[in-house]
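> predicted model, plus sequence, below.
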Amino acid sequence: MIDFLKKLVLAIVQGIAEILPISSSGHLLIASELLKVNTNGLQFLIFLHLGSLIAMIIYYWKDIKDILVSLWIFLFKHNREEKTLYYCSLFLKIVIASIPAAIIGLIFGDIIDQYLSNLYFVFSFLIVTGCILLINKKLNGEKTLKELKFHEAFFIGCFQGVGVLPGISRSGSTIFGGRVNKLSNEEAAHFSFLMFLPVTAGSFLVEIIKNRHEIIQEYSNISNLLIDLTTIIIAGIITFLSVKYLFKIIKNGKLHYFAYYCFALGIIGIITCLILHYGF
């Protein structure tokens, strides 16, 4: 029962922190430390991201459907209408924007997990995230995704690559990248979460392949499977609600409020780590 409650807490943390600009990877590490959960080999953490991915697919299903339909009629029916060209162009921009994170994740993923996944780095990177959110508030722009150039999409993707660091918010950094390229807040967030889909799906598949034997062993026990399915569903529900909440915050121009939370958590966390380490 205690293990289930711990997993439930982590599922809620995943659903909230994956969407809000506060870093899900950082918060999962912090929560795991507080709950005394050893995340090494913890297979269900992989599936928590699946819950968030499914939720975002549901949320963006209209865009996904329009992209797939447009690609089909462009390739096989030679349709060149404006709507078709827009969604085909959007698809290419998403693919281009996903390249940096994919390269960084594949090449440096294990190094990041080994050397940068400690609480000192997490709390320090949270302060960096706070700075990003405050700078983002000062940026202006009203460009739409239709006006976004391909090289600008790649540039935004580089920010997503930086977001693999625990404590650096993926959503916060990519929204910032969009704003640097003069996108409106809403369009930057829209593109940020469309970028989330292929990168998260790819990362999930890589982790499944890497950990397939452990996963098969873990879920040969039906009770483990049912418990983790429950947490996946909860993570998905919280993710869906969080993205609706975030767009309301963006519309009201209050995204920078999360900067103060990141600063507070980062500073308190670093001080706490120093006290515990040196026994002040």
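Looks like it arrived, so ask away. Bear in mind that the values here come from a model prediction, so they are computed numbers and not experimental data.
> show me the contacts for residue 256.
With contact set as CB atoms under 8 Å, 6 or more residues apart in numbering, residue 256 has these partners: 133-134, 136-137. To be clear about C-beta, it is placed using only N, CA and C from the backbone, and glycine gets the same treatment.
> which SS state does residue 22 fall under?
Using DSSP: H, G, I helix; E, B strand; the rest coil, the structure places residue 22 in coil.
> equivalent analysis for residue 19, please.
Reducing the assignment at residue 19 to three states with three-state DSSP gives coil.
> for the stretch 51-200 of the chain, give me the ranges with low pLDDT.
Applying pLDDT under 70 to the predicted model, the stretch 51-200 of the chain contains no residue that meets it.
> format the contacts of residue 256 as CSV; extra columns: distance to residue 201.
Formatted as CSV, those follow (distance: CB to CB, whole Å):
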residue, distance to residue 201
133, 26
134, 31
136, 26
137, 31
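> run through who's touching stretch 127-139.
Counting by CB under 8 Å, 6+ apart, the neighbours of stretch 127-139 from elsewhere in the structure are 21-23, 167-169, 172-173, 175-176, 179-180, 255-256, 258-263, 266-267.
> next step: the residues you listed restricted to strands.
If you go by DSSP state E, those have nothing in strands.
> in PyMOL, how would I select the buried members of those?
To isolate the buried members of the contacts of stretch 127-139 in PyMOL, using 16 or more other CB atoms under 10 Å:
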select buried, resi 21+22+23+167+168+169+172+173+175+176+179+180+255+256+258+259+261+262+263+266
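> and the spatially closest residue to residue 260 that is not a sequence neighbour, how many residues sit next to it?
Leaving aside its sequence neighbours, residue 260 sits nearest to residue 130 (CB to CB, 6 or more residues apart in numbering; 7.2 Å). The local packing of residue 130 (other CB atoms under 10 Å) involves 25 other residues.
> surely residue 130 forms part of a helix?
Yes - Residue 130 sits within a helix when classified using three-state DSSP.
> now it: how far from residue 244?
According to CB to CB, to the nearest Å, residue 130 stands 24 Å off from residue 244.
> same check on residue 19?
With distances taken as CB to CB, residue 19 is found 9 Å from residue 244.
> which one of those two has more residues nearby?
The residue with the greater number of neighbours, taking residue 19 and residue 244 and applying other CB under 10 Å, is residue 19; the counts read 30 against 10.
> residue contacts, the more buried one?
Residues counted as contacts of residue 19 (CB under 8 Å, 6+ apart) are 52, 171, 193, 239, 242-243, 245-246.
> excluding chain neighbours, give the residue nearest to it in space.
The shortest distance from residue 19 to any residue that is not its chain neighbour, by CB to CB, 6+ apart, is 3.9 Å, and that residue is residue 242.
> so what's the backbone phi/psi at that neighbour?
Summarising the backbone geometry of residue 242 under the convention degrees, to the nearest 10, its torsions are phi -70, psi -40.
> compute the first-to-last residue distance for stretch 136-150.
22 Å (CA to CA, to the nearest Å).
> how about it: buried residues?
Of the residues in stretch 136-150, 136, 139, 143, 145, 148 count as buried by neighbour count, 16+ other CB under 10 Å.
> ok, now stretch 106-114?
Taking 16+ other CB under 10 Å as the neighbour-count basis, stretch 106-114 is seen to contain the buried residues residue 112.
> gap between it and the chain center?
Centroid separation between stretch 106-114 and its chain, computed with CA atoms, centre = their mean, to the nearest Å, is 17 Å.
> that's all I had, so thanks and see you.
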